[in-house]
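Chemist: mind looking at a prediction? Sequence and model below.
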There are 2 protein chains.
Amino acid sequence: MDNRAIGIFDSGLGGLTCVAEMKRAAPAEDIIYFGDTARVPYGTRSRETILEYAAQDIAFAASKDVKVIIAACGTVSSALGDTIPDNGIPFFGVVHPAAQAAARATRNGMIGITGTPATIRSGAYERAIARISPDIRCIPTACPLFVPMVENGITDPDDVVVQSMVERYLEGIRSSGADTLILGCTHYPHLNEAIQRYMGDDVTLISSGAAAAMAAIEHLKANDGLAGRECGTVRCFTTDTPDMFRENAHRFIGGVDLTVEKVSVDTLSDLTRGRT
Amino acid sequence: MDNRAIGIFDSGLGGLTCVAEMKRAAPAEDIIYFGDTARVPYGTRSRETILEYAAQDIAFAASKDVKVIIAACGTVSSALGDTIPDNGIPFFGVVHPAAQAAARATRNGMIGITGTPATIRSGAYERAIARISPDIRCIPTACPLFVPMVENGITDPDDVVVQSMVERYLEGIRSSGADTLILGCTHYPHLNEAIQRYMGDDVTLISSGAAAAMAAIEHLKANDGLAGRECGTVRCFTTDTPDMFRENAHRFIGGVDLTVEKVSVDTLSDLTRGRT
């Protein structure tokens, strides 16, 4: 039994889909969530900048005495690839858990992969899937407008903008005949209904944030590391103001009690530069 | 005569519409452009974070021995309001020049104002217009998806997504009967054609970046501060990689020769904290 918190971070609020899954599957766990809302989005930046921000995010999570760290961000997970942070804390990205879930789900061996431009450019999901089963064919597609659409609440499956963007991004994947689709960015489950409707009911959608939450829980179970209390708390840290975080968070995780504190970008920068 | 450069900055690449106007109207000028591409966009962040980033951007521009600084960013200009940086360098935002141009252009005394959520929340354009002419009626509207659309090249006036977003944001302004529309964010001129088509040919569009460039040129003319050479250069600094800057800049300022150098976010942060 281990009552320390689980650390979950993301570029912004998308990772809250992973928190929601964690609350559902392991309600006893305390969660420390960090969202870099002063610098979101990461997915349209260079690999160099993403790795710099990711190092700061991980250093911050590690400073909070957590028992496991989840990068609930497709962009960070893809940029890191197989590089595991060197801080002694078990680490989960979304890429491997989602790749495993997709490889289990596909019946015809064709998997569509959606993600931010940086995620798709990295090829991380394809590499992870190739390692599990080299015969699976992957169809990757960058969906750069999905994150801003979700952040602005443009997710209604009856909205012509939603339908049109889903169609232009997913047309190639649908026509390929893929029977499984990885939502490789933790924002995308908010477009679930529109995507499912366009792809058809026979296509299995894999939420990368949910897959990462389940992988971390399995690890804790196997190592007798789950918490032993009734109900855990959610403590959030954000680089922009707590007010803005609260204002927008309900869209991602309505109905969950949480506290929000600010951590400045300067503090993060000092953390990785060994300054105090 | 003053051969020092003109400093122009923006959260990202939108301010290049101001650089293009400057190159057209005053080709002799050297320009130093700074785009904070590692932290773009600003317009969906809190006023607190915007002011922190703006202080760093201004400190960086001031460190380059420029004769004038232009905040070619509606979000920064609105957040600053009447606060002029205390560094002795003449400073121009986009709000006052655009407000003046719009007040001159309107015939029926009704001006539509578009901008990022932070710009519209600030009320800066309305205050500036009220000071020029208290009888003018303003119709402000935030257009949060315009920046990501422009950054992803979704600007074709025949695109159903462009048409639908323009309509949902500008419906209220069009039905108000406004005859003048301020494009209060330097990204928006890339949607010019779609916006003009929706608003009709009788409506005058005011590009805030172009208005700021003209105001700075007027100031330099009046103070014998224009450059005395044949043709100036454009030297760019960016917080993300120069490669990404170059890759995307052509969309904003095709055909202009420019050099690009990286300046790290850590350097900016140290500038305003007095660290080296």
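Modeler: Looks like it arrived, so ask away. Numbers count the residues shown, from 1 in each chain, chains lettered A, B, ... in the order given.

Chemist: so who does residue A:90 touch?
Modeler: A:67-69, A:216, A:219 (C-beta atoms under 8 Å, 6 or more residues apart in numbering or on different chains). C-beta: built from backbone N, CA, C; applies to glycine.

Chemist: so the closest residue to chain B within the stretch 51-200 of chain A, which state does it fall into?
Modeler: Chain B sits closest to residue A:148 of the stretch 51-200 of chain A, with a gap of 3.7 Å, by C-beta to the nearest C-beta. At residue A:148 the chain is in helix, as set by DSSP: H, G, I helix; E, B strand; the rest coil.

Chemist: that one touches residue B:150, doesn't it?
Modeler: No: between residue A:148 and residue B:150 there is no contact under C-beta atoms under 8 Å: 11.1 Å.

Chemist: sort out for me which of the contacts of residue A:90 are in helices.
Modeler: Under the assignment DSSP state H, the contacts of residue A:90 contribute A:216, A:219 to helices.

Chemist: wait, is residue A:75 part of a helix?
Modeler: Yes: using three-state DSSP, the assignment for residue A:75 is a helix.

Chemist: that's a strand at residue A:138, yeah?
Modeler: Yes: counting by three-state DSSP, residue A:138 is located in a strand.

Chemist: for it, which residues make a bridge with it?
Modeler: Using DSSP bridges, the bridge partners assigned to residue A:138 are residue A:111.

Chemist: residues in contact with it?
Modeler: A:111-113, A:125-126, A:129-130.

Chemist: rerun that using 10 Å as the cut-off
Modeler: Counting by C-beta atoms under 10 Å, 6 or more residues apart in numbering or on different chains, residue A:138 touches A:99, A:102, A:109-113, A:123, A:125-130, A:173, A:176, A:178, A:182.

Chemist: near chain B, which residues of the stretch 51-200 of chain A are found?
Modeler: A:52-53, A:117, A:142-149, A:151-154, A:159-165, A:168 (C-beta under 10 Å from any C-beta of the partner chain).

Chemist: emit the ChimeraX select command for whichever of those residues are buried.
Modeler: One line in ChimeraX is enough to select the buried ones among these; burial here means 16 or more other C-beta atoms under 10 Å in any protein chain shown:
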select /A:52,53,142,143,144,145,146,147,148,149,151,152,154,159,161,162,163,165,168
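
Chemist: which of the residues of the stretch 51-200 of chain A next to chain B fall in helices?
Modeler: A:52-53, A:117, A:146-149, A:151, A:160-165, A:168.

Chemist: pick out the lowest-pLDDT one from those residues.
Modeler: Lowest pLDDT within these is found at residue A:151 (87).

Chemist: can you give me the helices in chain A?
Modeler: Going by DSSP H, chain A shows helices at A:16-25, A:47-62, A:74-80, A:95-105, A:117-122, A:124-132, A:146-151, A:160-176, A:192-199, A:208-222, A:242-253, A:265-272.

Chemist: right, and those - which one's nearest residue B:230?
Modeler: helix A:47-62 (37.2 Å; C-beta to C-beta).

Chemist: any buried residues in the closest one, and which?
Modeler: In helix A:47-62, counting by 16+ other C-beta under 10 Å, buried: A:49-50, A:52-62.

Chemist: in contact with residue A:44, which residues?
Modeler: Contacts of residue A:44 by C-beta under 10 Å, 6+ apart are A:50, A:75, A:116-118, A:142, A:144, A:147-148, B:12, B:37, B:40-41, B:148, B:151-152, B:240, B:244, B:248.

Chemist: got phi/psi on residue A:46?
Modeler: Here is the backbone geometry of residue A:46 (degrees, to the nearest 10): phi -70, psi 160.

Chemist: surely it meets residue B:248?
Modeler: No: Residue A:46 is not in contact with residue B:248 according to C-beta atoms under 10 Å; the separation is 11.2 Å.

Chemist: so what sits against both of those two?
Modeler: B:37, B:240.

Chemist: spatially nearest residue to the residue of the stretch 51-200 of chain A closest to chain B (excluding sequence neighbours)?
Modeler: Sequence neighbours aside, residue B:148 is the residue nearest to residue A:148 in space, at 3.7 Å (criterion: C-beta to C-beta, 6 or more residues apart in numbering or on different chains).

Chemist: from residue A:241, how far out is that neighbour?
Modeler: Relative to residue A:241, residue B:148 is positioned 21 Å away (C-beta to C-beta, to the nearest Å).

Chemist: tell me the domain boundaries of chain A?
Modeler: A:6-93+A:210-272, A:95-208 (automatic domain parsing).

Chemist: how near is residue A:152 to residue A:170?
Modeler: 20 Å.
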